[in-house]
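Undergrad: What would the 3D arrangement of this be:
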Amino acid sequence: MNVERFGDIAKITLPTPFPIGDVNVYVVKGDRLTLVDAGVKTKASWEAFVYGLSQLGYTPEDLEQVVLTHHHPDHVGLLDFLPDEIDVIGHRYCANWLSRDEIFMKEYVDFLRALYVQLGLPKELEFRPEQIGAPLKFACEYGKLTQEMREGERLFGMHEWMVYETPGHSQSHLVFFREKDGALLAGDHLLAKVSPNPLLEPPLVMTEERPKPQVQYNHSLRKMLELPIHIAYTGHGTEVKNSHALIARRLQRQHERAMSVYEMVKEKPMTAFQVCQQLFPAIYLKETALTLSETVGQLDYLQTNGQVEAQMNDEGILYYFPV
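TA: Numbering: from 1, shown residues only. Now for the predicted structure:
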């Protein structure tokens, strides 16, 4: 059984091909029948989704809108299988990722290629466009954002739910909070068993400064401490019933990880890639993008706190050193 009911919220658990495992999507009965997130684009995911809907007495044609917590492939893939007329609601950053037009994808590739040079990757590990193809084949190809949501607004068709912007894990991340029962539709912002990886992504406007996802994520976590959250319905795994305690642990552990990075750069100036090799000696070659995101996140945190600085050499490579 891949369905659980929580009052007017139903969770459908869908398989994914990713290391994180199954993804949760939610059917919420409000003024409009709403799907929150849309799984990956695989036959197995679609069949599990249709079966889950049937257990609730619905078909895909009954859904009136999809609300996205963020744009990552395991949350948008089934948009390709849903009726064309369905409304899709999310952060404005999602729009480019749903359509993935040629201009945007070139800008994205150019951003990552230049960034990887700055981070000190050797030539044999430089960014190549084909690296983004594997996960994106599980995302939608024909998606279109029909309505943008911003912080402080109430969800269309779900007027009890307030929108909060929570960038960090992704630049498009939103969560939705219902005050009357303390319910939070958390996406990947809060997960019970693992800390979401704040991923390196380009800014909404390519000419703007690179986002610092770990710093953003910490700010977004602290924002949740201001809400009386009773239960968080997560994008992966089980529900979180002690959100504030979990957030405190996440912030403390991240700080401790950053301090270990600080000790590394105290010894000698280092590139982000050199730090990454020490932090993740067993997996940095296999999971270069993820481990680099984690590493840069710690360096951004230290730099924002005034503990390290970065200086670019003549080859365009950044070296980090203590203040």
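Undergrad: pretty sure residue 302 is in a helix, no?
TA: Yes: counting by DSSP: H, G, I helix; E, B strand; the rest coil, residue 302 falls inside a helix.
Undergrad: Can you give the strand pairings for the helix or strand hosting residue 12, parallel or anti for each?
TA: Secondary structure from DSSP states H and E places residue 12 in strand 9-14. In the sheet, strand 9-14 lines up against strand 3-6 (antiparallel), strand 23-29 (antiparallel) (DSSP bridges).
Undergrad: okay, these, which one's buried deepest?
TA: Most buried of these, by mean neighbour count (mean count of other Cβ atoms under 10 Å): strand 23-29, with a mean of 23. Where C-beta positions appear, they are placed from N, C-alpha and C, glycine not excepted.
Undergrad: For that strand, the averaged confidence score.
TA: Averaged across strand 23-29, the pLDDT comes to 97.
Undergrad: contacts for that strand?
TA: With Cβ atoms under 8 Å, 6 or more residues apart in numbering as the test, strand 23-29 has contacts from 8-14, 16, 33-40, 49, 53, 56, 58, 63, 74-75, 158, 185, 233-237.
Undergrad: Let's see that with 6 Å instead.
TA: 8-14, 16, 34-37, 39, 74, 235-236 (Cβ atoms under 6 Å, 6 or more residues apart in numbering).
Undergrad: cool, and stretch 182-193?
TA: 36, 69-70, 166, 169, 173, 175-177, 196, 228-238, 240.
Undergrad: CA atoms only for the worst-scoring helix or strand of the chain on mean pLDDT - export them in PDB, please.
TA: Within the chain, judged by mean pLDDT, DSSP states H and E, the helix or strand with the poorest mean is helix 133-136; its value is a mean of 80. The C-alpha trace of helix 133-136 is given here as PDB (Å, rounded to 0.1, in the frame of the first residue of the first chain):
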ATOM      1  CA  GLY A 133      21.400  14.600 -18.900                       C
ATOM      2  CA  ALA A 134      21.100  11.600 -16.600                       C
ATOM      3  CA  PRO A 135      18.900  13.100 -13.900                       C
ATOM      4  CA  LEU A 136      17.000  15.400 -16.300                       C
END
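Undergrad: just the strands in this protein please.
TA: Taking DSSP state E as the criterion, the chain carries its strands at 3-6, 9-14, 23-29, 33-36, 65-67, 87-90, 147-148, 154-155, 158-165, 174-178, 183-187, 231-234, 308-312, 318-322.
Undergrad: so can I have CSV of these showing distance to residue 281?
TA: Shown next, in CSV, are the strands of the chain (distance: least, Cβ to Cβ, whole Å):
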stretch, distance to residue 281
strand 3-6, 40
strand 9-14, 34
strand 23-29, 30
strand 33-36, 38
strand 65-67, 41
strand 87-90, 38
strand 147-148, 42
strand 154-155, 44
strand 158-165, 36
strand 174-178, 35
strand 183-187, 31
strand 231-234, 30
strand 308-312, 21
strand 318-322, 19
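Undergrad: Could you list the buried residues of the least confident helix or strand of the chain?
TA: Buried residues in helix 133-136, defined by neighbour count with 16 or more other Cβ atoms under 10 Å: residue 136.
Undergrad: Show me this protein divided up by domain.
TA: Domain assignment for the chain by automatic domain parsing gives 3-99+135-249, 254-322.
Undergrad: Ramachandran coordinates for residue 83?
TA: Note on residue 83: backbone dihedrals following degrees, to the nearest 10 are phi -60, psi 140.
Undergrad: Give me the spatial nearest neighbour of it, chain neighbours excluded.
TA: Spatial nearest neighbour of residue 83, excluding adjacent residues (Cβ to Cβ, 6 or more residues apart in numbering): residue 61 at 5.9 Å.
Undergrad: what about that neighbour, distance to residue 38?
TA: Per Cβ to Cβ, to the nearest Å, residue 61 is found 15 Å from residue 38.
Undergrad: the more surrounded of the two?
TA: A direct count of neighbours by other Cβ atoms under 10 Å for residue 61 and residue 38 places residue 38 higher, at 29 against 11.
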